[in-house]
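> Show me how the following folds:
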Amino acid sequence: MADKSTFTPDEWKVLLESVMAAGMAVSAAEPSGLFGLLKEGFASSSTLVQAKMDPNANALVKTAVTDFDTSQGRSIVRDGLKEKLSGSQAGEIKEKCIQILRQAGALLDAKAPTDAAAFKGWLRLIAEHVAEAASEGGLLGFGGVKVSDAEKATLAEISSALKLAT
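Reported below is the predicted structural model:
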């Protein structure tokens, strides 16, 4: 079973960034305005809380969530994503987040093959929860569709980047 010590500090940083990148890719694919963004951020956070509370959650997932509980862990993610995404437009943010997920998937496959499916499935779950958090289109949050075509396409890209069946 893999744990944080299985990865170099730079590799662990990529795994932590991937947790945020999963939700950010979906948000960037179809920006939902302020309230939609808040709902999507809450969906991403609540998925972390669910993993923390789930006694059956994968140990590597729990380790990543535990790092988010520390100011050091949050700083690593914030600073890393700021460096990678600074100055990017929405479409570029999505592509850069997909690239982070691709790197994380490759790391998991290479260094934590027994935990890879669970961790990658959890990343996809984060993205799905974000996609379903706010209706797209409509007026003031009414009407519209639960998951837009752009979000569906991004979910497919995320699955592909993580080498998961869609």
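> where are the low-confidence patches of this protein?
32-37, 90, 135-145, 166 (pLDDT under 70).
> all helices for it, in order.
Ranges of helices in the chain, per DSSP state H, are 9-29, 33-53, 59-68, 71-85, 90-111, 113-133, 149-161.
> Tell me which of the ones you listed sits most buried.
Most buried of the helices of the chain, by mean neighbour count (mean count of other CB atoms under 10 Å): helix 9-29, with a mean of 23. C-betas here are computed from N, CA, C, even on glycine.
> Report the angle between that one and helix 113-133.
Angle of helix 9-29 versus helix 113-133, following axes from the mean of the first three to the mean of the last three CA atoms, to 10 degrees, is 30 degrees.
> Using PDB, list the CA coordinates for helix 9-29.
Output in PDB follows, covering the C-alpha atoms of helix 9-29 (Å, rounded to 0.1, in the frame of the first residue of the first chain):
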ATOM      1  CA  PRO A   9       8.000  15.900  -2.600                       C
ATOM      2  CA  ASP A  10       7.500  17.100  -6.200                       C
ATOM      3  CA  GLU A  11       5.400  14.100  -7.000                       C
ATOM      4  CA  TRP A  12       3.300  14.500  -3.900                       C
ATOM      5  CA  LYS A  13       2.700  18.100  -4.900                       C
ATOM      6  CA  VAL A  14       1.400  17.000  -8.200                       C
ATOM      7  CA  LEU A  15      -1.000  14.500  -6.500                       C
ATOM      8  CA  LEU A  16      -2.200  17.300  -4.200                       C
ATOM      9  CA  GLU A  17      -2.600  19.700  -7.100                       C
ATOM     10  CA  SER A  18      -4.600  17.000  -8.900                       C
ATOM     11  CA  VAL A  19      -7.300  17.100  -6.200                       C
ATOM     12  CA  MET A  20      -8.000  20.800  -6.900                       C
ATOM     13  CA  ALA A  21      -7.300  20.500 -10.700                       C
ATOM     14  CA  ALA A  22     -10.200  17.900 -11.000                       C
ATOM     15  CA  GLY A  23     -12.800  20.500 -10.000                       C
ATOM     16  CA  MET A  24     -11.100  23.500 -11.500                       C
ATOM     17  CA  ALA A  25     -11.100  21.800 -15.000                       C
ATOM     18  CA  VAL A  26     -14.800  21.500 -14.900                       C
ATOM     19  CA  SER A  27     -15.400  25.000 -13.600                       C
ATOM     20  CA  ALA A  28     -13.100  26.400 -16.300                       C
ATOM     21  CA  ALA A  29     -14.900  24.500 -19.000                       C
END
